[in-house]
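*Asks:* A structural model of the following input is requested.
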Amino acid sequence: MTAPQIPNDEYLQREFDKMEKDKTGKISVTEFRNLIFTNEFLRKFRSTTIDTYITELSNNTGWITFEQFKKFMQAETHAYKNLLINIELKQAFNEVDTNKDGLISPQEARQGIILAGERIPGRSFGHIIQMFDDNHDGQMSLEEFLNNVQKLVHK
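*Replies:* Sure thing, here's the model as predicted:
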């Protein structure tokens, strides 16, 4: 039987019960993490992103309840506003912000692009920097980064 597009509570309860063998009403974050990494789309996220997400979802308890499991299973994981995607974007921003001042300079942006294995010609690079620098201060804040990524996703 195929799972419904948006899983209903009964289906989700059966799936949760398959993992929750000791009948405590919760599964360990380790078991939940293993479940996440069986999903091809979710395997694309960094393990640190998944770990941060699970910590937030579980309220740092080490356990996932049925309600938390349901929240995860019913989330639109491809949606920009999804917590998992936001965590991933913030971690990427923080990696590129090498001096940790909360801003990405053009030099940091260029280095981040190189580290990602991409090459962008100078003129195109300058255009991208201008596009992401909403307040025209020559740097990109996390807010500018998130807002502009969202705009690109919705084009």
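
*Asks:* what's the neighbour count on residue 51?
*Replies:* 15 (other CB atoms under 10 Å). Heads up, the C-betas are built off the backbone N, CA and C, glycines and all.

*Asks:* Residue 57 versus that one, what's the distance?
*Replies:* As judged by CB to CB, to the nearest Å, residue 51 and residue 57 stand 11 Å apart.

*Asks:* The residue positioned nearest the centre of the chain: which element?
*Replies:* Most central in the chain under CA atoms, centre = their mean is residue 85, positioned 2.5 Å from the mean C-alpha point. Residue 85 belongs to helix 83-96 when assigned by DSSP states H and E.

*Asks:* Show me what counts as buried in that helix.
*Replies:* Within helix 83-96, the residues scored as buried using 16 or more other CB atoms under 10 Å are 83-85, 87-89, 92-93, 96.

*Asks:* could those residues go into CSV alongside distance to residue 30 and pLDDT?
*Replies:* Listed next are those as CSV, based on distance: CB to CB, whole Å; pLDDT from 0 to 100:
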residue, distance to residue 30, pLDDT
83, 20, 82
84, 18, 85
85, 23, 86
87, 19, 90
88, 21, 90
89, 26, 91
92, 25, 92
93, 28, 94
96, 31, 94
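
*Asks:* Which one of those is nearest to residue 145?
*Replies:* The nearest member of these to residue 145, counting by CB to CB, is residue 93 at 5.3 Å.

*Asks:* show me the contacts for the closest one.
*Replies:* 104, 142, 145-146 (CB atoms under 8 Å, 6 or more residues apart in numbering).

*Asks:* Inside helices: which ones of the residues you listed?
*Replies:* Counting by DSSP state H, the part of the contacts of residue 93 found in helices is 142, 145-146.

*Asks:* ok so, going back, from the chain's centroid, how far away is the helix holding residue 85?
*Replies:* 6 Å (CA atoms, centre = their mean, to the nearest Å).

*Asks:* The one helix or strand residue 111 maps to - contacts with which helices or strands?
*Replies:* Here residue 111, judged by DSSP H and E, is contained in helix 106-115. On a contact count with 3 or more CB pairs under 8 Å, 6 or more residues apart in numbering; DSSP states H and E, helix 106-115 meets helix 83-96, helix 122-132.
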